[in-house]
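Participant: this is a predicted model, with the sequence first.
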Amino acid sequence: MALPRIAAIVLMLALTVGCGGDAVTARTPAEAVTQRMKDSTGVKVARLVRLDYGENVFTPPAEDDFIVPVDIGEYSESRTTGVLGATASDLTATYYQTNVPDELKSVFPTDLSSMTTRAISIAGSGTYRYRADRQDVPAGKSWLHSRNTECEQLLRAIGSLGVRDLVSPEVLRKLAAPASSPGEAIDGVATVVHAGSSSQVEFGVAAPYDDPALVAQLRKRYGSIQVSWQLWVGPDRLPRRVRLTSTDPMAQDDQPETAVTEIDFTDWGSDVLIDSPPPDQVHETGTCLGPEPY
């Protein structure tokens, strides 16, 4: 028996509302991000990174009686903001030195504004980097540009967990694999949280054309790095926040032993338009440029 006309309309409206804006309701964060990041739409991101170099090691007093900490690092904190699109990103990072002992603040540089870095990465075009102090950029130019296949291979091999990686389906499936538990409200949105830990290289994804010997070497070197994570997702299954704690027991004196990273994702589905810099302002380099500032 055919449905009455009014009943059919009601049923159609119910199905449309139940599906939201997408043809298929997302069941996982990987599906939700794939559905939301299309064409010119993307997401805004804010990342905070805090580095711990372990216990400071002090040099013996010199003739001028200054005692200088060795393991203080180039910076101890970075803050990154910007946008991610389906095939590109535009991120700017500022850096801070928060672990300088009070007695050395007058002699140790704490103004790191010259390090402010903007990175534009476009799929198929590589990375463009602008740094406030024009480091390694010749006169008359403002940006460095590189598409280094060895750099890309290294990031794949060690399991890079940059902002872009955290919204990739492969990484999201791993992050969301542990059973969820009730999470805190983020920006007024109820969430559930997935928490787990593993070796960082478990996030590595080697391409068919990667050098297997180099991949094995890189994974051996970085295999000691352990990562624990928390992934908060909303009712729409979209990531709202990710917190990573990375520990490297093999860190050298000038490298952090621990890094704590927290990334907030907001305005999913917002319009994102990312263009490459003017060609006359770009200097080509063979140097490995990461796809985002750290």
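Facilitator: Looks like it arrived, so ask away. Numbers count the residues shown, from 1 in each chain.

Participant: residues of stretch 256-267 that come out buried?
Facilitator: Pro256, Glu257, Ala259, Val260, Thr261, Ile263, Asp264, Phe265 (16 or more other C-beta atoms under 10 Å). Every residue, glycine included, has its C-beta placed from N, CA and C.

Participant: now swap in stretch 233-240 and tell me
Facilitator: Val233, Gly234, Asp236, Arg237, Leu238, Pro239, Arg240.

Participant: Serialize the residues you listed to JSON lines and add fields for secondary structure, distance to Glu184 and pLDDT.
Facilitator: Shown next, in JSON lines, are those (DSSP: H, G, I helix; E, B strand; the rest coil; distance: C-beta to C-beta, whole Å; pLDDT from 0 to 100):
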{"residue": "Val233", "secondary structure": "strand", "distance to Glu184": "12", "pLDDT": "97"}
{"residue": "Gly234", "secondary structure": "coil", "distance to Glu184": "12", "pLDDT": "96"}
{"residue": "Asp236", "secondary structure": "coil", "distance to Glu184": "17", "pLDDT": "95"}
{"residue": "Arg237", "secondary structure": "coil", "distance to Glu184": "17", "pLDDT": "96"}
{"residue": "Leu238", "secondary structure": "coil", "distance to Glu184": "16", "pLDDT": "96"}
{"residue": "Pro239", "secondary structure": "strand", "distance to Glu184": "14", "pLDDT": "97"}
{"residue": "Arg240", "secondary structure": "strand", "distance to Glu184": "10", "pLDDT": "97"}
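
Participant: now, which of those residues sits nearest Ser276?
Facilitator: Within the buried residues of stretch 233-240, proximity to Ser276 (C-beta to C-beta) peaks at Pro239, which comes in at 27.3 Å.

Participant: can you tell me how far the closest one sits from Leu214?
Facilitator: Computed as C-beta to C-beta, to the nearest Å, the Pro239 to Leu214 distance reads 31 Å.

Participant: then Leu161?
Facilitator: In terms of C-beta to C-beta, Leu161 sits 20 Å off from Leu214.

Participant: cool, Ser113 as well?
Facilitator: 37 Å.

Participant: hang on, the earlier thing: so for Leu161 and Leu214, which sits in the more crowded spot?
Facilitator: The residue with more neighbours, out of Leu161 and Leu214, is Leu161; 20 against 14, by other C-beta atoms under 10 Å.

Participant: can I assume the more buried one sits in a helix?
Facilitator: No: under DSSP: H, G, I helix; E, B strand; the rest coil, Leu161 falls outside any helix and is assigned coil.

Participant: tell me who's in contact with it.
Facilitator: Each residue near Leu161 by C-beta atoms under 8 Å, 6 or more residues apart in numbering is listed here: Val171, Gln200, Phe203, Val227, Leu244, Ser246, Thr261.

Participant: Throw the residues you listed into CSV and include pLDDT, secondary structure and distance to Gly73, thanks.
Facilitator: Putting the contacts of Leu161 into CSV (pLDDT from 0 to 100; DSSP: H, G, I helix; E, B strand; the rest coil; distance: C-beta to C-beta, whole Å) gives the following:
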residue, pLDDT, secondary structure, distance to Gly73
Val171, 93, helix, 27
Gln200, 87, helix, 20
Phe203, 86, helix, 24
Val227, 94, strand, 20
Leu244, 97, strand, 18
Ser246, 93, strand, 15
Thr261, 97, strand, 15
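
Participant: between these, which is closest to Asp280?
Facilitator: Nearest to Asp280 among the contacts of Leu161: Thr261, at 35.8 Å, using C-beta to C-beta.

Participant: who are the contact partners of the closest residue in space to that closest one that isn't next to it in sequence?
Facilitator: Closest residue to Thr261 apart from its sequence neighbours, by C-beta to C-beta, 6 or more residues apart in numbering: Leu244 at 4.5 Å. Contacts for Leu244 (C-beta under 8 Å, 6+ apart) come out as Leu161, Val227, Ser228, Trp229, Ala259, Val260, Thr261, Glu262.
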